[in-house]
Structure formats: structure tokens, C-alpha cells
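# All I have is the shape, not the residue letters:
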């Protein structure tokens, strides 16, 4: 088990950001943290990256309690995080950014970064500050994927990308994160659906949490499932097939 979250809650004064959230992520799994803006996704990601240390409930990463400060360096060495805001230096080119990451992260692969950037058709010598939002996002994604981490966290990774680019990038994320676990926090449910193994529908509470197969039961796509389970503050039980109901009754 890479990550285990148990009864996680977070308040900001009188505002409830997260309410009793629980889930697990296994090695090799692509996990969707799916919710509307303001639903608690970024707060949860900040807890997982040790940016927020005060909360109720428990979080374990590789068996260690995540809020223990003595393990913070270990967590940062094994978690690769792409924030929802610009984090690259605009005066640098992708080539210069690769050199910077090589010096900063011991698990960073220059060869892998160059390979991913070539697949994404990223100009190597153009300053990041002059790129479109979608192109700059691709640079960030390539740099994060070039690490050999145990857990990859992506917070709204493709806000500036077009539909075709999203499909391409999500496939690359799936390909290069296969040796670790991956969490993608996004409201782009239909775009991320093809690569997910399981998902949590988050609206401050766990509105639904299951494998993609179970979340799709009774729905033609994950977006329809999301609209049903996460539409309001009332938690609905997962829909079950007639066979499952009969088995439970026996």
C-alpha cells in the first residue's frame, strides 16, 4: 500500500474544507481525485505534500504517518508533485529547467525528461515565460514525470490544454507512472476517465469511492456517475447489480 487516508477532516476557522474522507492508493494504480472547484481537492493535495500538517484523522505514506515532521524529507524525496499554479522559472528554457531539476532531485532522469518533451513536441530553447499556458504545463508535467517517485500528485494538470492534448498527456502520465502510484486531482472527469483504475468523488465529503468499474455501474460514462453521486451534499450508496444484491441477501 502506497497511501492510506483514514477519516481525514480539515477546518479553516468555521469553514469545513474536508469532512471524514477515507481512501487507499496501491502501487501501480492511477487514482482520480475528482471534484468541482472548491470541493476540497487542493486542500487534500496540500495535506499529502506536507504543506498542511494540522488536521484530524490519519494519513500513512509507505507505512509512515504523514504528519510526523521527522519524516518530511523522506516524503519529499518520494513524492513528485505538480501544483495547480505556475512553479517554473519563466526566464528559463526547458533545457535549463532540466539541468536545474537534475541538480535538485537525485531521482531525476535527464534522458526521460528529454524523451517526454520530444513526445510532447516541446521547443527546448524557448523561454517558458513566452510559451502558451498549455505548452508551459507540458514542460512541468515532463519534469515531474522524469522523477522516479513512489507517488505522483497532479493538481489540475491540464487547465490550459486543448482536448486532444489532454488525451495525449493523460496517456503519457499513465505510461511513465507505471512503477509508482498516481493521484490526479481534476474536474476534467471525461478526459481522465480512460486511464483511471479507481476514483473518489469529492465534495468536501467522500460522495463515492470505488474502482472505476463499480463507479460506472448503471452509467454510460464516469461524468454521468459523477453528476449523480457528487451533485449535492447527500451521500448516496453505490448502485449495485441485481446479482450483487442477491449475493448479499444469501
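Received the coordinates, thanks. Keep in mind that this is a model prediction, so the values were computed, not measured.
# residue ranges of the strands in the chain, please?
Counting by DSSP state E, the chain has strands at residues 3-12, 15-25, 30-34, 56-61, 64-65, 79-82, 151-155, 181-186, 198-203, 205-211.
# In terms of secondary structure, what does the longest one contact?
Judged by 3 or more Cβ pairs under 8 Å, 6 or more residues apart in numbering; DSSP states H and E, strand 15-25 is in contact with strand 3-12, helix 41-48, strand 56-61, strand 198-203, strand 205-211. Glycine gets a C-beta too; all of them are placed from N, C-alpha and C.
# Direction included, what does that strand pair against?
Within its sheet, strand 15-25 is paired with strand 3-12 (antiparallel), according to DSSP bridges.
# quick one: contacts for the residue nearest in space to the middle of the chain?
Compute the mean C-alpha point of the chain, and by Cα atoms, centre = their mean the closest residue is residue 184, 2.2 Å away. Contact partners of residue 184, counting by Cβ atoms under 8 Å, 6 or more residues apart in numbering, are 30-33, 154, 157, 170, 173, 192, 196.
# again, 6 Å this time
32, 154, 192 (Cβ atoms under 6 Å, 6 or more residues apart in numbering).
# Tell me which of the strands of the chain lies nearest to residue 48.
Residue 48 lies closest, by Cβ to Cβ, to one member of the strands of the chain: strand 151-155, at 6.1 Å.
# still on that earlier bit, tabulate the strands of the chain (CSV), appending distance to residue 93.
Putting these into CSV (distance: least, Cβ to Cβ, whole Å) gives the following:
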stretch, distance to residue 93
strand 3-12, 34
strand 15-25, 34
strand 30-34, 30
strand 56-61, 34
strand 64-65, 37
strand 79-82, 19
strand 151-155, 23
strand 181-186, 27
strand 198-203, 36
strand 205-211, 41
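# okay, those in JSON lines with mean pLDDT and distance to residue 46 next?
Shown next, in JSON lines, are the strands of the chain (pLDDT from 0 to 100; distance: least, Cβ to Cβ, whole Å):
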{"stretch": "strand 3-12", "mean pLDDT": "96", "distance to residue 46": "9"}
{"stretch": "strand 15-25", "mean pLDDT": "96", "distance to residue 46": "10"}
{"stretch": "strand 30-34", "mean pLDDT": "97", "distance to residue 46": "12"}
{"stretch": "strand 56-61", "mean pLDDT": "96", "distance to residue 46": "12"}
{"stretch": "strand 64-65", "mean pLDDT": "92", "distance to residue 46": "17"}
{"stretch": "strand 79-82", "mean pLDDT": "95", "distance to residue 46": "10"}
{"stretch": "strand 151-155", "mean pLDDT": "95", "distance to residue 46": "9"}
{"stretch": "strand 181-186", "mean pLDDT": "95", "distance to residue 46": "11"}
{"stretch": "strand 198-203", "mean pLDDT": "97", "distance to residue 46": "14"}
{"stretch": "strand 205-211", "mean pLDDT": "97", "distance to residue 46": "18"}
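# Thanks a lot, catch you later.
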